[in-house]
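Chemist: Okay, sequence plus prediction incoming.
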Amino acid sequence: MPALVYLTRRFEFAAAHRIYNPAWSDEKNAELFGPCSNPMGHGHNYTLEVTIGGTPDPETGYVMDLRQLKKLVEETIIQHLDHKHLNYDVPLLHGKIPSTENLIVLIWDELQKALPGHIRLFRLRLWETNNNYFEYYGEKTD
Ligand code: NI
């Protein structure tokens, strides 16, 4: 039986956001979200770890050519987020609070569509600061 091998590549991007629920008053946003809701937003240097799984190709020995993975993630994700304001510049986030939780789900859905069929997206890990990251395995609850 062919071996299933996982490969992780790290990407970085910088983006701004404001955690803000438009259904609430400014006072309630400030109370609930604190400085994360400052009106002009704030920035993060995000690190995205993309883990894919697959079977090493008999001709190359690769699960997926890393140059191909890099290009695909940069074109599908990074160039749409890097140096952007997540509240305004990312159409797929419109109507959603641009938390890192919502962002990682969006990234999953976009990568899933873009990856070749034989490659399995196994895990995303999105670092918001050096001290916290979010993970997503594509799971849904009912
Ligand atoms: Ni933030």
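Modeler: Happy to help now that I have it. Note that the structure is predicted; figures quoted are calculated from it, not measured.

Chemist: Select the longest helix from this structure.
Modeler: Longest helix of the chain, by residue count under DSSP state H: helix 100-114.

Chemist: Just the mean pLDDT for that one, thanks.
Modeler: Averaging pLDDT along helix 100-114 yields 97.

Chemist: For it, list every residue counted as buried.
Modeler: Within helix 100-114, the residues scored as buried using 16 or more other CB atoms under 10 Å are 100, 102-108, 111. In this view, the C-beta of every residue, glycine as well, is placed from N, C-alpha and C.

Chemist: How far away from the center of its chain is the helix or strand of the chain with the lowest mean pLDDT?
Modeler: Using mean pLDDT, DSSP states H and E, helix 26-33 stands out as the lowest-scoring helix or strand of the chain, at a mean of 95. Relative to its chain's centre, helix 26-33 lies at 26 Å (CA atoms, centre = their mean, to the nearest Å).

Chemist: What residues sit buried inside that helix?
Modeler: Under the neighbour-count criterion of 16+ other CB under 10 Å, helix 26-33 has 29-30, 33 buried.

Chemist: Including distance to residue 83, could the residues you listed go into CSV?
Modeler: Compiled in CSV, those are given as follows (distance: CB to CB, whole Å):
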residue, distance to residue 83
29, 25
30, 27
33, 23
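
Chemist: which one of the residues you listed is nearest residue 58?
Modeler: Within these, the smallest distance to residue 58 is 52.1 Å, found for residue 33 (CB to CB).

Chemist: Identify the residue spatially nearest to the closest one, adjacent ones excluded.
Modeler: residue 19 (4.6 Å; CB to CB, 6 or more residues apart in numbering).

Chemist: Make sure the one you found is actually in contact with residue 30.
Modeler: No. Taking CB atoms under 8 Å as the definition, residue 19 is not a contact partner of residue 30, at 10.6 Å.
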